[in-house]
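Trainee: sequence plus predicted model, see below.
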Amino acid sequence: MFMPILEEAGMFIAHQTIGTVLCCKCGIQMTPNAANMCVKCLSSEFDITEGLQKLLIVIHCPVCDTYLQPPRTWIKAQLESAELLRFCLKRLKNSNEVKTVDAKFIWTEPHSKRIKVKMIVRKEVLNGVVLQQAYIVEYVVQDHLCESCTRFHANPDQWVAKVQLRQHVSHRRTFFYIEQLILKHDAASQAIRIKQTYHGIDFFFANRSHCVKFVSFLGEAAPIKSRHNKQLVSHDTKSNNYNCKYTFSVEICPICREDLICLPVKVAISLGNLGPLVICTKITNAITLMDPFTLRVCFFDADQYWRAPFKSLFSSKESVEYIVLDVEPVSFEINVVGSKYVLADMQVARVSDFGKNDTMFSIRTHLGHLLQPGDYALGYDLYNAYSSDTEFEKYKGLDLPYAILIKKSYKVMQGRRRAWKLKSLNMEVDCSTGQSRGNEEKRDTEYEEFLRDLEENPDLRFNLSLYHDKEELLDDLDLSNEDEEDTNAMRE
């Protein structure tokens with residue numbers, strides 16, 4: 001530190017020199033060490049990798065991409081991943097005789113069935129001299145099916161546990177949404193087979209614990225009720241072993257987002273005389289209901305709903321398109337459960353009545369923050385509607401509105417090409433139910449409506465993963481600016 005300062009002052013400094021000696025083997029000059037031998041001579045005299053494994057055989061299942069960790073553990077790892085490197089190092093024997101300094105993969109052809117790892121080890125060889133040496137370990141990959149894959153390929157119906165997911169409604173929008181949640185969280189990674197049926201989806205598992213974990217995931221995604229039973233397949237009386245098949249029946253509540261509901265009398269009274277006409281605004285593991293005339297909100301979890309279940313009065317498939325003629329706000333903007341609403345009195349007319357009559361309706365709606373004169377909206381026509389709901393008939397003398405609006409309709413979005421897409425589960429279609437071409441067209445139409453809902457509702461796509469056509473994940477997809485441009489275009 002003080003050497004430059006002393007040199008500037010003109011003082012004489014004696015530079016320290018490092019002495020050298022001759023190697024006792026080859027005679028070249030070298031820095032002295034305890035063995036008095038150079039590095040080359042030490043490497044020729046001592047081989048610290050002697051006795052270490054340099055060729056091993058690993059068992060790989062090509063179906064589920066797992067490796068066998070003896071005796072019976074299968075580890076999932078990708079090529080040149082940290083998990084695979086950790087697995088390879090654990091397979092080495094006598095590795096405690098040396099100290100491992102570094103380890104890394106050497107690239108090989110994927111179809112060569114070889115994995116090469118370059119190891120750098122260190123060991124004390126003579127009189128405290130530490131020698132460091134590199135060598136290559138080669139792993140020969142042999143393909144062999146694991147137990148679960150062997151059982152599945154021998155008999156595809158050889159499952160242990162099954163989940164039957166059902167919802168008793170006339171559309172599949174809920175299944176489309178749950179499918180995207182399953183893909184994002186990889187909840188069905190342990191399923192050996194997935195089958196799409198006319199009434200729902202069946203998931204097959206090779207282990208009962210995987211099935212229980214999947215049912216728990218479904219309970220966090222939607223309000224469900226489940227029951228299970230088991231069927232004896234075979235048993236051994238000598239060893240007292242039993243083989244059973246387990247079936248979990250999971251039913252999703254028939255209430256969907258944007259449904260109009262007439263609450264039962266007892267339920268409405270327990271909620272402080274809410275409604276009785278309410279709209280379902282959100283579905284998670286709980287149901288969010290809102291009175292569109294007062295903006296009062298209540299929440300139902302799965303236990304509360306199944307103790308006193310009720311059905312929807314109208315679903316989104318029965319909605320009618322209206323055009324807004326006049327808007328008069330009644331309240332200020334209110335934030336309800338993260339969403340903004342404004343009560344407003346509106347004059348609307350059915351789009352189907354244009355050119356036929358001059359019928360207009362004066363209604364109150366909660367969409368005063370979204371709708372302006374000239375906008376289109378979807379709602380339920382209670383003026384000409386007929387319902388056979390027994391709960392609805394119990395409210396005698398109820399003053400019904402002419403219409404209840406549920407959401408804004410975006411005309412510009414319907415003909416626009418999307419720059420994103422969704423992934424889908426690898427499902428088999430159950431042909432035994434006799435699905436016709438008409439059912440396939442109905443499913444395609446419902447899927448297109450689901451994609452349109454994702455475009456129009458940012459809250460709905462918040463928990464989903466959207467992809468470019470090049471399979472690139474869109475982390476932050478914000479369509480609010482596009483929605484504003486569409487709204488401005490409609491106003492012009």
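Mentor: Okay, I see it. Please read these numbers as outputs of a predicted model, since none were measured by experiment.
Trainee: and the spatially closest residue to Leu271 that is not a sequence neighbour, its phi and psi?
Mentor: Once flanking residues are discounted, Leu271 sits nearest to Cys298: 5.1 Å by C-beta to C-beta, 6 or more residues apart in numbering. Glycine gets a C-beta too; all of them are placed from N, C-alpha and C. Main-chain dihedrals, Cys298, degrees, to the nearest 10: phi -140, psi 160.
Trainee: same check on Leu260?
Mentor: Residue torsions, per degrees, to the nearest 10, at Leu260 are phi -100, psi 130.
Trainee: kindly report the same for Lys394.
Mentor: phi -70, psi -20.
Trainee: which residues touch it?
Mentor: 264-265 (C-beta atoms under 8 Å, 6 or more residues apart in numbering).
Trainee: what about it, distance to Cys298?
Mentor: According to C-beta to C-beta, to the nearest Å, Lys394 and Cys298 sit 19 Å apart.
Trainee: and stretch 248-259, average pLDDT?
Mentor: For stretch 248-259, mean pLDDT is 92.
Trainee: kindly report the same for stretch 26-45.
Mentor: Mean predicted confidence for stretch 26-45 is 78.
Trainee: and the contacts of that stretch?
Mentor: Contacts of stretch 26-45 (C-beta under 8 Å, 6+ apart): 18-25, 125-129, 131, 133.
Trainee: what's the straight distance from one end of it to the other?
Mentor: End-to-end distance for stretch 26-45: 12 Å, by C-alpha to C-alpha, to the nearest Å.
Trainee: for it, the distance to its chain's centre please.
Mentor: 60 Å (C-alpha atoms, centre = their mean, to the nearest Å).
Trainee: for that stretch, which positions count as buried?
Mentor: For stretch 26-45, burial by neighbour count (16 or more other C-beta atoms under 10 Å) applies to 30, 33, 35-38, 41-42.
Trainee: how about the residues you listed in TSV, adding distance to Phe310 and secondary structure?
Mentor: As requested, these are arranged in TSV below (distance: C-beta to C-beta, whole Å; DSSP: H, G, I helix; E, B strand; the rest coil):
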residue	distance to Phe310	secondary structure
Met30	90	strand
Asn33	87	coil
Ala35	88	coil
Asn36	93	coil
Met37	89	coil
Cys38	89	coil
Cys41	89	helix
Leu42	85	helix
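Trainee: returning to that earlier point: show me the contacts for the residue nearest to Leu271.
Mentor: 271, 274, 278, 288-289.
Trainee: wait, Ile255 sits on Ser312?
Mentor: Yes - using C-beta atoms under 8 Å, Ile255 makes contact with Ser312 at a distance of 5.9 Å.
Trainee: which stretches of this protein form helices?
Mentor: Secondary structure of the chain (DSSP state H): helices located at 3-8, 39-45, 82-90, 147-154, 173-185, 208-221, 265-270, 302-307, 390-393, 437-456, 480-491.
Trainee: winner for burial among those helices?
Mentor: With neighbours taken as mean count of other C-beta atoms under 10 Å, the helices of the chain reach their highest mean count in helix 173-185, at a mean of 19.
Trainee: which strand in this protein runs the most residues?
Mentor: strand 129-143 (DSSP state E).
Trainee: so what touches that strand?
Mentor: 33-35, 42-43, 46-49, 52-62, 88, 91-92, 101, 106, 113-125.
Trainee: now those: which count as buried?
Mentor: Counted by 16+ other C-beta under 10 Å, the contacts of strand 129-143 give 33, 35, 42, 46, 48-49, 52, 58-61, 88, 91-92, 115, 117, 119, 121, 125 as buried.
Trainee: distance of the most centrally placed residue in the chain relative to Ile178?
Mentor: By C-alpha atoms, centre = their mean, the chain has its centre lying nearest to Lys184, at 1.5 Å. As judged by C-beta to C-beta, Lys184 and Ile178 stand 11 Å apart.
Trainee: one step back: how about the helices of the chain in CSV, adding distance to Glu333?
Mentor: Shown next, in CSV, are those (distance: least, C-beta to C-beta, whole Å):
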stretch, distance to Glu333
helix 3-8, 71
helix 39-45, 78
helix 82-90, 50
helix 147-154, 55
helix 173-185, 28
helix 208-221, 31
helix 265-270, 27
helix 302-307, 30
helix 390-393, 32
helix 437-456, 20
helix 480-491, 16
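Trainee: can you tell which of the ones you listed is closest to Asn229?
Mentor: With C-beta to C-beta, the closest approach to Asn229 among the helices of the chain belongs to helix 208-221: 12.4 Å.
Trainee: can you give me the angle the closest one makes with helix 173-185?
Mentor: 120 degrees (axes from the mean of the first three to the mean of the last three C-alpha atoms, to 10 degrees).
Trainee: please save the CA atoms from helix 208-221 in CSV.
Mentor: Below are the C-alpha coordinates for helix 208-221, written out as CSV (Å, rounded to 0.1, in the frame of the first residue of the first chain):
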residue,chain,number,x,y,z
ARG,A,208,-55.3,-42.2,-4.5
SER,A,209,-53.3,-39.4,-2.9
HIS,A,210,-52.9,-37.7,-6.3
CYS,A,211,-56.6,-37.8,-6.7
VAL,A,212,-57.3,-36.3,-3.2
LYS,A,213,-54.8,-33.5,-4.0
PHE,A,214,-56.6,-32.7,-7.2
VAL,A,215,-60.0,-32.6,-5.5
SER,A,216,-58.5,-30.1,-3.0
PHE,A,217,-57.4,-27.9,-5.9
LEU,A,218,-60.9,-27.9,-7.4
GLY,A,219,-62.3,-26.9,-4.0
GLU,A,220,-60.1,-23.8,-4.1
ALA,A,221,-61.1,-22.9,-7.7
